[in-house]
Structures are given as structure tokens and as C-alpha cells.
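Enquirer: predicted coordinates and the sequence they were generated for:
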Number of protein chains: 2
Amino acid sequence: MSTIRPTSSLFPNAPVRIVDVTARDGLQNETDIVPTDTKLELIQHLVDAGHKDIEVTSLVRPSWIPQLADAELLLRNLPVAEDVRFWALIPNRKGMERALNVGVKHVATFMSASNTHNRKNLNRTQLESLENIRIVTEMALDEGATVRAYLSTVFGCPYEGDVAVETTVELTQKLLALGISEISLGDTTGMGNPVLVEKVIQGLIDANVPLDKIALHMHDTQGTGLANILAGYQMGVRTFDASTAGVGGCPYAPGASGNVATEDLINLFHKMGCDTGVDLEKAAMAGQFLANALQKPLPGSFHKYFSASCSTSDKTTA
Amino acid sequence: MSTIRPTSSLFPNAPVRIVDVTARDGLQNETDIVPTDTKLELIQHLVDAGHKDIEVTSLVRPSWIPQLADAELLLRNLPVAEDVRFWALIPNRKGMERALNVGVKHVATFMSASNTHNRKNLNRTQLESLENIRIVTEMALDEGATVRAYLSTVFGCPYEGDVAVETTVELTQKLLALGISEISLGDTTGMGNPVLVEKVIQGLIDANVPLDKIALHMHDTQGTGLANILAGYQMGVRTFDASTAGVGGCPYAPGASGNVATEDLINLFHKMGCDTGVDLEKAAMAGQFLANALQKPLPGSFHKYFSASCSTSDKTTA
């Protein structure tokens, strides 16, 4: 893939960091349990592709998300790859204890920017979530682990609608003050748009939040994922979460999109001349592997494009 | 759908014009012949949604594209909608004669920015295509018709790779000099990226081509359609082609994307506060109608999102 880059005044030319969340966020809503070996094979594909940040599982109560009930087994059998950060989502103190038992060094916590979504999704108020995250973060930092936090529904809440930028800024600051390294702002149900992305990031800039502590976790529910990410990139964000072949997120209809697809994101940035450190073809092969493993078509575009060479003989194609 | 728009320094706030190409570009590659009545019902949906530019068919030789063999029948039975421009794609003098016989007033012509693609797709050199377009345009203008031209493979050719911006600028100028009102720059196989879109549009600006004579016809083959359109919008383009539910384009794999989906495009711009003059919900209903008529899932995102309300009870969605 050629990356000779024309001069641009709209788009800076900077490397981008991708956090692949397939094995946790991507798979957690799959009703058929994916065997641990298949998950490990997927993770090996991601490592081989050059990913340095891979979210692999969650230490939630196994009865809560049966798909992730193999967390410890998976964590004990991860590929040996010292330069890769394997992230585990930790819901509470009990989960953190389990995580530390298996040597987790990269911890993801989570809460919602919308109070209603926080209560419905996590059965806690935002204050209770912050206290919970404080405890988990303290335990993690005491063991030398690194912590990132998901702040979901930043770009819209299915219950409340708009979420105030001020709320996002305040919660981001509170989370960073706990010693958390990175806040991943989530467009949980794909309600965002480029103008809103600009507004949120501008709010953080105005509050002196360093953008190297901000990631964007955009869903493609309404097809606007990459456009929103492009706006985030223009505003200075350089870290983006994505899921291989677009699995996960909020899958409401067959073939519908949830998370932005990792390969689609890599392809966009490589075409723009921005390095991601990930091999696009190998990332696409991970997508093909996953589609085969799940035995269904997955929403991402690039892995399909990569699979089938496009017929170029269409008549009067304009 | 709320369109209260936050202040933006990245994105201007301007109305956008959409040219829906479903009934021609969208359907022409469908192997199962769609009944004329179904096409007319689709077109009625588009009119009801508020579309003012609808490409309805092509007067190519019927044996060439059997799907469009009903061109005259369709054109004679279009909805009565005086403020709607119904476009027909015209390949040559013979097609133009047929078009004039049924009172076509809005003519689309086409050629490729890549010489190889032009030869393989149209069996003509670019010079021969220009001469052919000159004849068709003259015939059309003599009858008081309006002419737009598709210039395809502007953002990459499957045979030649990169297409020089200078070529696009030169051909655009030649086509405009024939009296053509609008040049629609096509990303025929979805190879474009936002930086390249910027480069092409900047090339046109530098050559004093008025951007109100430029449209973008982006395909979503690699998932980058809306991101590319966003870049075009930032550069000052205000007219975009799209196909309902994303049918058509270069469909190389089941569920894969071709044209950018009309509803996805409308949704993006409405969320950004930019008026399109089209009712999003009715546009999405046109997508549902088409998916039902073709009896298969179509690639666009928004019509699916609109069909199924998203379950908001996912656990630990971040």
C-alpha cells in the first residue's frame, strides 16, 4: 500500500495509535460462546499484525457476561509479546483482585458521562462509579499497573439525548486526577457527528486537558464512525479504539455496524499517509479469521474488500 | 432530528445538495431485473422525501444493461413533480435521440479520468469520449436540456493506480467548456482518502474552477465514503451523489458497500446542522422499501438503524 502523501493544509501528518478492543468489547455481545483457543488465535493475529494495545477480556462476574467467563484462562495463555499492552476491563475491587492474581498490568475501567446510562448500564450513580474506579485505580497503581478509563455516551445518550460538554470535561478531569493515564471517550450508540466531536475536544483543550491523554472510541452504528474519527484527528486526538471487522458495539440488526472496524481505521490513516504501526493486510486477515470463526458476515468494509478483488469491468460505472 | 448546531471552526455551516442515483447507478448492476413499477415506486419515495435531483435511468443499448431496458417506459411514467430534476444517463447520439423523444430535460454524460479505465469501460479513448460528449451535449443544449458529466476514477484507477490531479483539472475544464453545468468527480472503486480529496479540490480551486460546478460521487467500497465527503465539504464542495441504502457501485462481495448511502449522507449532514432539503426519515423509508424490494440486506447503515431501535441494555458497553 503506497503511502506517498500529498501536502495537506486540512489534515496533519502524524502517527496514530490504535487500541484494538475486539476480544473484549467486540465479542462480549456475541451470544455463541467463542472458544478460548479461538480468542487466543485472534489475539495472535493481532500481535502478528503489529498491534501494541489489545484489549483481551474483562474480569466481570462470569454469570454477567458468559462470553468472558474464561478471563483467567485467556490471560494465563496470552502470546509472549513484551512490547504489547494487553488490557483487561475491570468492573470493581473483586475483579481487580482476580486481575492481579493473573498478573494483569494494563487495566481498563469504565463509567458513563450520562447519569441515566450509568445507572441503567452499571446500576450505580456516577459518584458511586467514580469511587469504585478510585479503588480499582489505586489497587492497580499500587501494583505498578497502568490504567485507562472508558467514559461512555459522551456524544449522546440513548436515554438523555445530548450530554453536556462540561460534564465530559469534568469527569475526564476527575478520572485523570485519580492517576488514570488515558480517557477513552465513547460514542456508545453512534450518535456523534464531526461538529460535536470538534466541540467536545475543544472543550477539553480549553480546560487544559492534554490530548495525549485522550482516546476516541467511536461506534459506527449510523455509518459516521470514520467521519467522526477524522474530525477527532483534525482536532489533535491521536489514539483511537476499534474492533476487528467491526464486531461488537450495539448490534441491533443483522449486518449492522457497532464498533468502528480496526482495518477500516488503519486503511483510512495509511491512505492519508499516517503511520499506525500495524500491517493493514495482516489486520484484514484478522478480520477474515474472525468472520470465519463467528461464521457470519461482519460489518467492517476493508476485510471484505481485501477478500474479494473488485470486478473492474462494470459497464458505465461512474 | 434536532439540528441545533454548535459553533465550529473546522466545518462550515452551509446547505448541501444531494443527487440520488439509486434508480440508475444503484440498480444497474443488480442481476435480477427490478420491475418498472417497483422503480417508479422507489422514485415516488424519493420525491416524497424531498429529493430535487434524481437520476432515474440510462438510455444505453438495452442489451448492454438489461436492468435499464425499460428506460422509455420509466421516463414516460415518472411522477409529476415539476421542481424535481430527473436525470438520465446518455451514452451517445443514439441514446440522446431516444432521450429527446421522451422529453428528457436533464442529461448525464460520462467518461473516465483514467485513459485505461475509459478504454476498458467505454471502449473509447478519452479524446473519443470528449467528442462523443460534445455531440450529446450540443444536442441536449439545443433542446434546452441541462447537462452534467461524470468524470470517473478521479481518486484512483483500478488499472493505472494514481490519477494525476492535473488530468482531472484539464478534463473538468474541457467538459465545462462544452456547456456542461456540473462535473461529478467519481471515486469509482472507493480508492480515495481525505488528503487526496483535498488535493484534487485544491487543484480545481487553483485553476479557477468554480466549486458550484463540482459534485463528488464517492463510493464506500473501503468504508471511507463519508470521511472523503466530509473532506470535500470542508474544501467547499456542496453537491454529493449518493444511492439509497448504498446499492450499486462496485459490489464485489455480499454485504459490501458500493455507493455511499443517501440516508447515511443526509444523516451526517443533518447532525452537523447542514440542511439537505430531504426528510431523513422518509429517505430511510426509501431504503427500507428498496431492501424489501430487492429482498436482501443492503450496505447502508442508517436505514438499518432506523428500522431497529438499538437495545440500550448492553452490559459494560464502553
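Expert: Arrived safely. Numbers count the residues shown, from 1 in each chain, chains lettered A, B, ... in the order given.
Enquirer: buried residues in the helix or strand hosting residue A:116, which are they?
Expert: Using DSSP states H and E, residue A:116 maps to helix A:115-122. Within helix A:115-122, the residues that count as buried by 16 or more other CB atoms under 10 Å in any protein chain shown are A:115, A:116, A:117, A:118, A:119, A:121, A:122. C-betas here are computed from N, CA, C, even on glycine.
Enquirer: could you look up the SS state of the residue nearest to the spatial centre of chain A?
Expert: For chain A, the residue sitting closest to the mean C-alpha position, by CA atoms, centre = their mean, is residue A:241 at 3.0 Å. Under the three-state scheme (DSSP: H, G, I helix; E, B strand; the rest coil), residue A:241 adopts strand.
Enquirer: thinking again about what came up before, just the buried residues of helix A:115-122 now: which is nearest residue A:233?
Expert: Of all the buried residues of helix A:115-122, residue A:117 has the smallest distance to residue A:233: 26.0 Å, by CB to CB.
Enquirer: which residue, other than its chain neighbours, is closest to the residue nearest to the centre of chain A?
Expert: residue A:217 (4.0 Å; CB to CB, 6 or more residues apart in numbering or on different chains).
Enquirer: also residue A:52?
Expert: residue A:84 (5.5 Å).
Enquirer: got a list of what the one you found touches?
Expert: Residues in contact with residue A:84 (CB atoms under 8 Å, 6 or more residues apart in numbering or on different chains) are A:47, A:51, A:52, A:53, A:54.
Enquirer: of these, buried ones?
Expert: The neighbour-count criterion (16+ other CB under 10 Å) marks A:47, A:51, A:52, A:53, A:54 among the contacts of residue A:84 as buried.
Enquirer: redo those as a markdown table? Include secondary structure and pLDDT.
Expert: Formatted as a markdown table, the buried ones among the contacts of residue A:84 follow (DSSP: H, G, I helix; E, B strand; the rest coil; pLDDT from 0 to 100):
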| residue | secondary structure | pLDDT |
| --- | --- | --- |
| A:47 | helix | 98 |
| A:51 | coil | 98 |
| A:52 | coil | 98 |
| A:53 | strand | 98 |
| A:54 | strand | 98 |
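Enquirer: what's the most distant pair in those residues?
Expert: Going by CB to CB, the pair spanning those furthest: A:47 and A:53, at 11.0 Å.
Enquirer: and the longest helix along chain A, which residues are buried?
Expert: Identified as the longest helix of chain A according to DSSP state H is helix A:126-142. Within helix A:126-142, the residues that count as buried by 16+ other CB under 10 Å are A:126, A:129, A:130, A:132, A:133, A:134, A:136, A:137, A:139, A:140, A:141.
Enquirer: mind listing residues that contact the helix or strand just after that helix?
Expert: Using DSSP H and E, the next helix or strand after helix A:126-142 towards the C-terminus is strand A:146-152. For strand A:146-152, contacts defined as CB under 8 Å, 6+ apart pick out A:85, A:87, A:89, A:105-114, A:117, A:121, A:133, A:136-137, A:140-141, A:168, A:171-172, A:175, A:178-186, A:188, A:215, A:217, B:317-318.
Enquirer: the residue nearest to the centre of chain A reaches residue A:220, doesn't it?
Expert: No: here residue A:241 does not reach residue A:220: they are 11.9 Å apart, not a contact under CB atoms under 8 Å.
Enquirer: common neighbours of the two, please.
Expert: Jointly contacting residue A:241 and residue A:220 under the rule CB under 8 Å, 6+ apart are A:259, A:260.
Enquirer: do you know the pLDDT at residue A:65?
Expert: Per-residue pLDDT puts residue A:65 at 92.
Enquirer: pLDDT of stretch A:22-32, averaged?
Expert: Here the average pLDDT along stretch A:22-32 is 93.
Enquirer: host element of residue A:97?
Expert: helix A:93-101.
Enquirer: what are the buried residues along that helix?
Expert: A:95, A:96, A:98, A:99, A:100.
Enquirer: now do the strands in the stretch 201-318 of chain A.
Expert: Here the stretch 201-318 of chain A has its strands, by DSSP state E, counting those that start in this stretch, at A:214-218, A:239-242.
Enquirer: ok now the first one, how far from the chain's centre?
Expert: By that I understand strand A:214-218. Here the centre of strand A:214-218 is set off from its chain's centre by 7 Å, with CA atoms, centre = their mean, to the nearest Å.
Enquirer: bridged to whichever residue of the stretch 1-150 of chain A sits closest to chain B, which residues?
Expert: Distances between the stretch 1-150 of chain A and chain B by CB to the nearest CB are smallest at residue A:150, namely 3.4 Å. With DSSP bridges as the criterion, residue A:150 is bridged to residue A:110, residue A:184.
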